[in-house]
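Enquirer: take a look and give me a structure for this.
(2 chains)
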Amino acid sequence: MMETDSNSSTASPEEVARFTAMAETWWDANGKFRPLHQINPVRIAYIRDFVCPHFNRDPMGTEPFKGLELIDIGCGGGLLCEPMARLGANVSGIDAGDKNIAIASLHAGQGDLDINYRQQLPEDLVKTGKTFDVVLNMEVIEHVADVDAFLAASAALVKPGGVMVLSTLNRTLKAFALAKVGAEYIMRWLPTGTHDWRKFVKPSELARGLRTNGVEVSDIKGMVYHPLQDTWALSNDLDVNYLVSAVKPL
Amino acid sequence: MVRSGSGPEIQADVLIAGGGLVGGTLACGLAMGGLSVIVVDAQDPADGLDAAFDGRASAIALSSQRVLEGLGLWSSMEKASAAIKEIRVTDGDSLFFLHYDRRDVGAEAFGYMVENRVIRTALASRFTDLDNLTLLAPARIDALERNPGDVRATLADGRTIKARLVIGAEGRKSPTREQAGISITNWSYRQAGIVCTVAHEFSHDNVAHERFLPAGPFAILPLPDNRSSIVWTEREELAPELMALDDDAFLAELEERFGDFLGRLEVVGPRWAYPLSLQFAERAVDHRLVLAGDASHAMHPIAGQGLNMGLRDVAVLAEVLTDARRLGLDPGAGTVLESYERWRRFDNTLMLAMTDLLSRLFSNDVIPVRLARDLGLAAVNRMPPLKKVFMEHAMGLAGDLPRLMRGERL
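Expert: From the prediction side, this is the model:
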């Protein structure tokens, strides 16, 4: 059920419809979302290794995120929310697509995980005044209609002293060649039309957008694919996929 | 949805079917990696510690010893182990031989010989130290259901278990593998392995001997206290006759193959005969299921690598599942299991092919084949780099090693 609120929305209707159509296959590691399943360990490790020192936690411990309030914006089928819950966080997941939320809730139930899923847009959640220790914005910015409004809403959800972790695609020719043409047309990893290259965001634009909203970037890392091993790894090459960690000072 | 069960459901991250050398070691590794583990074993734990239950001894390669060390199992086995400091390979009564010395690779030893009951004793005591490890034995899994989100097992006594992943480590005839419908490639070598322990007059000086006799390899492997473990490969049809001989006649047959270089011999304890076959499961993973050790791959004992390959499964699985746990990933997720399969598959195939080739080459008395392999042995002996490669394989130090095998923390 879409909210009846007709104010400016950050999710474009075409994007919502496209992902909802693919939602059933979210949890098939060899299905359409295989790339997300493959990058998941790399991005989770990045999140963990930033969040743990920030909040003074042991990353090797059993529940290093215990007690942290965490929100995953654009949670999809819950690929990120479930690991975050197992690491001990109190997890909320919001997504613009109601089918995604239904699938994510169903799957969390199968795994006995307690996750607060809700079909909601970040700007609507901001109105409730709720804030979080950790805000995740992973692989969503490249799909939103208004990046500035989206970043403003996301930043407002971070508690003072809290953190935000983002990942997205850079707007470079290399990203166009690899992430758009390569992944969608040649490798067929992603359905054609998954990404619109013009919506890709440069790291400098992201940093500026966050700073305007009181959030300071503290680290940027690239994420690259090794074709021979069929694996992903962190790298200093920011040209295609990159991850950003940021802090909202107290 | 407990079906036929009575009593409370027992929950854990991982259910291991089979608590033997591989299943037991794996349980320790997973528990140390922070996962909760339930082990179900058909055997009464007390039986396994008796020498009459399993008279075999295992060759523990250097890399395997590191795994046992890293899992807190080695300290209690060390006293009851014998280091292998030299390996002498000979071909029947031919003069050509291959000699490996630990000093050539700058190691303390190539590996160690440990009696299986010593390993079982170490496992039993380690099990009691680890909080998140539960052993249910003797117990049998009656029904196993693999659902989208979990695995549910019902034991014969009605207890029920819920886990995220089931690991089949019950050996060659793994019911978990059979129930999952994973087929195996299996062929018999038409050979039997006769195993016994001998006491001898003189010290073995920590030298292992492998002799290639016409019926197959005959190995003399050092044990503590002037004893050696014998692995005697014999033609399938001859094994029952040898096993039926009285002690004196059996000793006479043994002496004929063993020789007198260690003085007077005496067979101590019972003797066993095992049919030898190669077996390879078509895949080591399935939905929320993993196979480890002989359940996945069982090979010819020619190179003493069966348990070592099983312990490599253990080291890789413990690493993959511990890393997954530290990332909050579901231990039964397809991507997690896939990384285990990918890591182990090539290695296992290579080792199976190597041991198969060796056994075919050396269980053979055709003159040209003998000549070729004698020249081969002599040639390898004179080429230090090639010899080093062979030794590194035997020590388990070749390939992409998991952390436990590199002597690092899990």
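
Enquirer: give the contact list for residue A:113.
Expert: A:82, A:85-86 (CB atoms under 8 Å, 6 or more residues apart in numbering or on different chains). Every C-beta, even on glycine, is put in place using the N, C-alpha and C of the backbone.

Enquirer: between these, which is closest to chain B?
Expert: residue A:86 (3.6 Å; CB to the nearest CB).

Enquirer: need the contact list for that closest one.
Expert: Contacts of residue A:86 by CB under 8 Å, 6+ apart are A:113, B:328-330.

Enquirer: from those, which land in strands?
Expert: Among the contacts of residue A:86, none falls in strands (DSSP state E).

Enquirer: so where's the chain shaky on pLDDT?
Expert: Just so you know, I chose chain A. A:1-12, A:15-24, A:182, A:185-186, A:188 (pLDDT under 70).

Enquirer: switch to chain B, that's the one I care about
Expert: Short version for chain B, where the test is pLDDT under 70: B:1-7, B:48, B:50-53, B:93-96, B:300-304, B:347-348, B:350-398.

Enquirer: distance to residue B:163 for the contacts of residue A:86 - can I get that in TSV?
Expert: Formatted as TSV, those follow (distance: CB to CB, whole Å):
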residue	distance to residue B:163
A:113	15
B:328	17
B:329	15
B:330	11
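
Enquirer: show me which pair in those is furthest apart.
Expert: Greatest spacing in the contacts of residue A:86, by CB to CB: A:113 and B:329 (12.3 Å).

Enquirer: which strands and helices sit next to the longest helix along chain A?
Expert: If you go by DSSP state H, chain A has its longest helix at helix A:34-54. Here helix A:34-54 touches helix A:81-86, strand A:132-138, strand A:158-169, strand A:216-226, strand A:231-235, strand A:241-247, helix B:306-326, helix B:334-362, going by 3 or more CB pairs under 8 Å, 6 or more residues apart in numbering or on different chains; DSSP states H and E.

Enquirer: could you redo those as CSV and give each row distance to residue B:67?
Expert: Shown next, in CSV, are the helices and strands packed on helix A:34-54 (distance: least, CB to CB, whole Å):
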stretch, distance to residue B:67
helix A:81-86, 27
strand A:132-138, 36
strand A:158-169, 35
strand A:216-226, 27
strand A:231-235, 24
strand A:241-247, 34
helix B:306-326, 5
helix B:334-362, 14
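
Enquirer: nearest to residue B:215, of these?
Expert: Ranking the helices and strands packed on helix A:34-54 by proximity to residue B:215 (CB to CB) places helix B:334-362 first, at 10.4 Å.

Enquirer: ok, now which ones touch the residue nearest to residue B:149 when sequence neighbours are not counted?
Expert: Nearest residue to residue B:149, sequence neighbours excluded (CB to CB, 6 or more residues apart in numbering or on different chains): residue A:110, at 2.9 Å. Taking CB under 8 Å, 6+ apart, we find residue A:110 in contact with B:147-150.

Enquirer: what do you get for residue B:310?
Expert: B:21-22, B:292-294.

Enquirer: before we move on, the earlier item: so for residue B:140, which of the helices and strands packed on helix A:34-54 sits nearest?
Expert: helix B:306-326 (22.0 Å).

Enquirer: and that closest one with helix A:34-54, angle?
Expert: Comparing the axes of helix B:306-326 and helix A:34-54 via axes from the mean of the first three to the mean of the last three CA atoms, to 10 degrees yields an angle of 70 degrees.

Enquirer: can you give the distance of helix B:306-326 from its chain's centre?
Expert: Distance of helix B:306-326 from its chain centroid, counting by CA atoms, centre = their mean, to the nearest Å, is 14 Å.

Enquirer: again, but for stretch B:119-139
Expert: Offset of stretch B:119-139 from its chain centre (CA atoms, centre = their mean): 19 Å.

Enquirer: check stretch B:61-69 too.
Expert: 12 Å.

Enquirer: got the buried residues for that stretch?
Expert: Buried residues in stretch B:61-69, defined by neighbour count with 16 or more other CB atoms under 10 Å in any protein chain shown: B:61-68.

Enquirer: how many neighbours does residue A:173 have?
Expert: Neighbour count of residue A:173, defined by other CB atoms under 10 Å in any protein chain shown: 10.

Enquirer: isn't residue B:309 up against residue B:295?
Expert: No. Counting by CB atoms under 8 Å, residue B:309 stays clear of residue B:295, with 11.8 Å between them.

Enquirer: neighbour-wise, which of those two wins?
Expert: Between residue B:309 and residue B:295, counting by other CB under 10 Å, residue B:295 is the more crowded of the two (31 against 27).

Enquirer: and the closest residue to that one other than its chain neighbours, backbone torsions?
Expert: Once flanking residues are discounted, residue B:295 sits nearest to residue B:174: 3.5 Å by CB to CB, 6+ apart. Main-chain torsions, residue B:174, degrees, to the nearest 10: phi -50, psi 110.

Enquirer: ok, how many other residues are close to residue B:174?
Expert: Counted with other CB under 10 Å, the neighbours of residue B:174 add up to 23.

Enquirer: look up how far residue A:184 lies from the residue most central in space within chain A.
Expert: What sits nearest the mean C-alpha location of chain A, by CA atoms, centre = their mean, is residue A:138, with 1.6 Å. Residue A:138 sits 19 Å away from residue A:184, going by CB to CB, to the nearest Å.

Enquirer: what do you get for residue B:61?
Expert: 48 Å.

Enquirer: tell me how many other residues surround residue 156.
Expert: Chain wasn't specified; assuming chain A. By other CB under 10 Å, 19 other residues sit near residue A:156.

Enquirer: that's the wrong chain, I meant chain B
Expert: Residue B:156 sits with 12 neighbouring residues when counted by other CB under 10 Å.

Enquirer: how about residue B:113?
Expert: 25.

Enquirer: distance of it relative to residue A:107?
Expert: Taken as CB to CB, the span from residue B:113 to residue A:107 is 50 Å.

Enquirer: then residue B:100?
Expert: Applying CB to CB to residue B:100 and residue A:107 gives a distance of 54 Å.

Enquirer: closest one to chain A out of the contacts of residue B:310, please.
Expert: Using CB to the nearest CB, those come closest to chain A at residue B:292, 20.8 Å.

Enquirer: please name the residues that touch the closest residue to that closest one other than its chain neighbours.
Expert: Leaving aside its sequence neighbours, residue B:292 sits nearest to residue B:313 (CB to CB, 6+ apart; 4.2 Å). Counting by CB under 8 Å, 6+ apart, residue B:313 makes contact with B:22, B:26, B:292-293, B:296, B:344.

Enquirer: could you rerun that using 10 Å?
Expert: B:22, B:25-26, B:167, B:169, B:284, B:290-297, B:340, B:343-344, B:347-348, B:402 (CB atoms under 10 Å, 6 or more residues apart in numbering or on different chains).

Enquirer: what of residue B:31?
Expert: B:12-14, B:37, B:39, B:71, B:126-127, B:129-134, B:318.

Enquirer: tell me which element it is part of?
Expert: Assigned by DSSP states H and E, residue B:31 belongs to helix B:21-32.

Enquirer: wasn't residue A:124 part of a helix?
Expert: Yes. Counting by DSSP: H, G, I helix; E, B strand; the rest coil, residue A:124 is located in a helix.

Enquirer: do I have it right that it meets residue A:94?
Expert: Yes. Under the criterion of CB atoms under 10 Å, residue A:124 makes contact with residue A:94 at 8.7 Å.

Enquirer: many thanks, have a good one.
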